[in-house]
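In: next comes the sequence, and after it the predicted model I'd like to discuss.
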Amino acid sequence: MTNPTSEADLIESAYEDQVRTIYNNLFACLQELGGVPTPGVEQQCLQHFNLGLRLARRARELALSALTAPAAPPPAPSPRHEKKRKRRTHSSNET
């Protein structure tokens with residue numbers, strides 16, 4: 001059985017890594033402007049940062065909630081598979 005605590009720690013660590021990456025992308029975006037960011041471009045860099053941060057938070061939230069969610073039951077066989085089995089049971093001599 002898996003240890004939810006260690007999985008939660010891994011999720012938190014992955015989130016921290018993602019936030020670092022998002023921050024580095026913001027810094028690189030601003031740096032590309034040569035130290036003199038224009039308001040429109042600076043705003044675009046900030047929008048990308050905010051979107052990335054929201055996505056990272058949502059991914060962390062979903063991953064952590066999956067640790068506490070009950071396991072899903074196995075999927076039922078599809079009707080398509082049942083038809084194939086029935087066809088195989090028929091004799092080729094039948095008309």
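Out: Here it is on my side, so go on. Remember, it's a predicted structure, so these values are computed and weren't measured experimentally. Numbering: from 1, shown residues only.
In: helices or strands up against the helix or strand harbouring residue 47?
Out: Secondary structure from DSSP states H and E places residue 47 in helix 39-68. Helix 39-68 is packed against helix 4-31, with contacts defined by 3 or more C-beta pairs under 8 Å, 6 or more residues apart in numbering; DSSP states H and E. In short, each C-beta sits where N, CA and C put it, glycine included.
In: can you pull the contacts of the spatially closest residue to residue 29 that is not a sequence neighbour?
Out: Nearest residue to residue 29, sequence neighbours excluded (C-beta to C-beta, 6 or more residues apart in numbering): residue 45, at 3.8 Å. Neighbouring residues of residue 45 by C-beta atoms under 8 Å, 6 or more residues apart in numbering: 26, 29, 30, 37.
In: roughly how far apart are the second one and residue 14?
Out: Think residue 29. Using C-beta to C-beta, to the nearest Å, residue 29 is found at 23 Å from residue 14.
In: now the protein, which segments are flagged as low pLDDT?
Out: For the chain, the stretches with pLDDT under 70 are 1-5, 80-95.
In: quick test: name the residue nearest the centre of it.
Out: The centroid of the chain falls nearest to residue 59 when counting by C-alpha atoms, centre = their mean (5.7 Å).
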